[in-house]
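Peer 1: okay, predicted coordinates and the sequence, questions at the end:
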Amino acid sequence: MTSKKGDKKHTGSSPALSQEPIATGSDTQACNATVTAVIDLEANNVTGIEDEEKVDVPNVKMTSKKGDKSTTGSSPALSQEPIATGSDTQACSNKGVGSILTDLEMAETLVANLTLEDLEDQATNILPRQSERKGDQGPDIATNSGLLPVVDLAPFFTGDESGMARATEAMHEACHTLGFFRAVNHGVPTGLMARALELSAKFFALPDKEKVKVRPVEGSQAPLVAGYGLHPPHLVDREANEECYAKLTELGLLIQDILNDCMGLPPGFLKNYNNDRSLDVMVALRYLPSTDEGEIGLSEHEDGSCISFVFQDGVGGLEVLKDGQWIPAEPVPGSIIINIGDILRVLNNNKFKSATHRVVRKPVHRHSFGFFWSVHGDKWVEPLPEFTANIGEAPHFRGFQYNDYMQQFMKSRTHPQSRPEDAFSVAHYAI
Ligand SMILES: O=C(O)CCC(=O)C(=O)O
Ligand SMILES: [Fe+2]
């Protein structure tokens, strides 16, 4: 089994891709949350992966699959060709129902002969509930906020006006200087995130022979040739995923409103501009253990989203580039890491950073969820007059249709350039 160690630049796992519903392979009911996972079956040589290797996962021993398959990009719903060699991903989108139903039927048929007990037996409970994890008593924000700026959103739930102003200012500063911050008291229950991570871990811990049963059907419009089309219906608590998706959507609306204020835009401007939630997607990621120091799990990239949200287990590995230094975005229980994507950066003409980030693999499996707040595919994206003509500044980007951007973004993922610096990015539109 080969182990790739490249630090190939890519454009992130934000999936809002094309005219085609992104996570076409992924979707189910309510949030239409489902799973599109990427597993490079060829590269990973599923049959060559041995069962029953003991793997350490935070605070627990688990039985898991062996195999070091490092990853050069984990993006989920994106590839037409296997590119993620060593991570598994799943996605929840809220569109694409048409082609997903087919996959759902397939999944249900294929998994129907397995009982929940069978599945539970196979998937050792690798992530205990947050409350059961040693040291995870809830966010210890004061002492353990790590290096990222922290934005406490509590005032937006209590109506404390001066607190709201302080949080808005903190967010503005973070977006301006780093493009990343840690949100606490954000309204997404800690237990819900823990449950989603637990379910994801359980799914990924299944033997490959079970997971491949929920690959997208041959000829499906699902954007993955290798990967999981759906969560096995009997295994996954869809309600938890859907609730998580719904809560993240609420958080997205709140953050978008606050950013609207940070940017000094007329009240409700972003909400109006970005009023279609069909390309948002929630992705579950699993990173395989590293075999060597410094192996890359997700190569450096900027997100193609408007705003991205990440919650993670206790393993760590997410890093943000600032002034040539990689800053760890450490796991802090209950917090959500939020970063600015390329779309917002273009809209405000580079006032906010869309920071380069990556995931470095650790000696144990890592699980995380990404939620990518997108814009509608038909949307025209260009620097807003508030950041150009109205203030006498030249635009730093020419305008583009989001679909066009995503097509190229995708192509660059599925047909990576040999030189990372040649990879497609929003710089393509720079003036
Ligand atoms: O897994 C993570 O912590 C980050 C994932 C990420 O950056 C992405 O999917 O774009
Ligand atoms: Fe990212």
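Peer 2: Looks like it arrived, so ask away. Ligands and ions are numbered 1, 2, ... in the order given.
Peer 1: so what's the residue nearest to residue 350 when sequence neighbours are not counted up against?
Peer 2: Spatial nearest neighbour of residue 350, excluding adjacent residues (Cβ to Cβ, 6 or more residues apart in numbering): residue 396 at 4.9 Å. Just so you know, the C-beta spots here come from the backbone N, C-alpha and C atoms, and that holds for glycine as well. Counting by Cβ atoms under 8 Å, 6 or more residues apart in numbering, residue 396 touches 349-350, 383, 430-431.
Peer 1: and the residue of the stretch 301-431 of the chain nearest ligand 2?
Peer 2: The nearest approach of the stretch 301-431 of the chain to ligand 2 comes at residue 303, 4.4 Å away (Cβ to the ion).
Peer 1: so that residue: helix, strand or coil?
Peer 2: Three-state assignment for residue 303 (DSSP: H, G, I helix; E, B strand; the rest coil): coil.
Peer 1: correct me, but it touches residue 338?
Peer 2: No: the pair residue 303 / residue 338 is not scored as a contact, 10.8 Å apart, by Cβ atoms under 8 Å.
Peer 1: need the residues of the stretch 301-431 of the chain near ligand 1, please.
Peer 2: Residues of the stretch 301-431 of the chain that fall close to ligand 1, judged by Cβ under 6 Å from any ligand atom: 303, 310, 312, 318, 357, 359, 368, 370.
Peer 1: go again using 8 Å as the cut-off
Peer 2: Residues of the stretch 301-431 of the chain lying close to ligand 1 by Cβ under 8 Å from any ligand atom are 301, 303, 308, 310, 312, 317-318, 329, 337, 339, 357-359, 366, 368-370, 372.
Peer 1: okay, and which of these map to strands?
Peer 2: 301, 308, 310, 312, 318, 337, 339, 357-359, 366, 368-370, 372 (DSSP state E).
Peer 1: quick one on the thing from earlier: could you report the pLDDT at the residue nearest to residue 350?
Peer 2: With respect to pLDDT, residue 396 scores 97.
Peer 1: and what of residue 266?
Peer 2: 96.
Peer 1: distance check, it against residue 280.
Peer 2: 23 Å (Cβ to Cβ, to the nearest Å).
Peer 1: which one of the two is surrounded by more residues?
Peer 2: Relative neighbour count places residue 280 above the other of residue 266 and residue 280, with 28 against 9, counting by other Cβ atoms under 10 Å.
Peer 1: the residue lying closest to that one once chain neighbours are set aside: neighbouring residues, count only.
Peer 2: Nearest non-adjacent residue to residue 280, counting by Cβ to Cβ, 6+ apart: residue 374, 5.3 Å away. The number of residues packed near residue 374 is 29, by other Cβ under 10 Å.
Peer 1: going forward, the N-terminal residue is numbered 7.
Peer 2: Will do, 7 is the new start, and the previous item becomes residue 380.
Peer 1: residue 380 contacts residue 287, correct?
Peer 2: Yes: using Cβ under 8 Å, residue 380 is in contact with residue 287, at 7.3 Å.
Peer 1: any regions of this protein where pLDDT drops low?
Peer 2: Low-confidence segments of the chain (pLDDT under 70): 7-152, 219-243, 419-420, 422, 426-427.
Peer 1: any idea of the angle the lengthiest helix in the chain forms with strand 372-379?
Peer 2: Longest helix in the chain, counting residues (DSSP state H): helix 244-268. For helix 244-268 against strand 372-379, the angle by axes from the mean of the first three to the mean of the last three Cα atoms, to 10 degrees is 50 degrees.
Peer 1: list the helices and strands helix 244-268 packs on?
Peer 2: Helices and strands touching helix 244-268, by 3 or more Cβ pairs under 8 Å, 6 or more residues apart in numbering; DSSP states H and E, are strand 93-99, helix 167-183, helix 196-210, helix 275-279, strand 287-293, strand 313-318, strand 372-379.
Peer 1: please consider this matter closed, and thank you.
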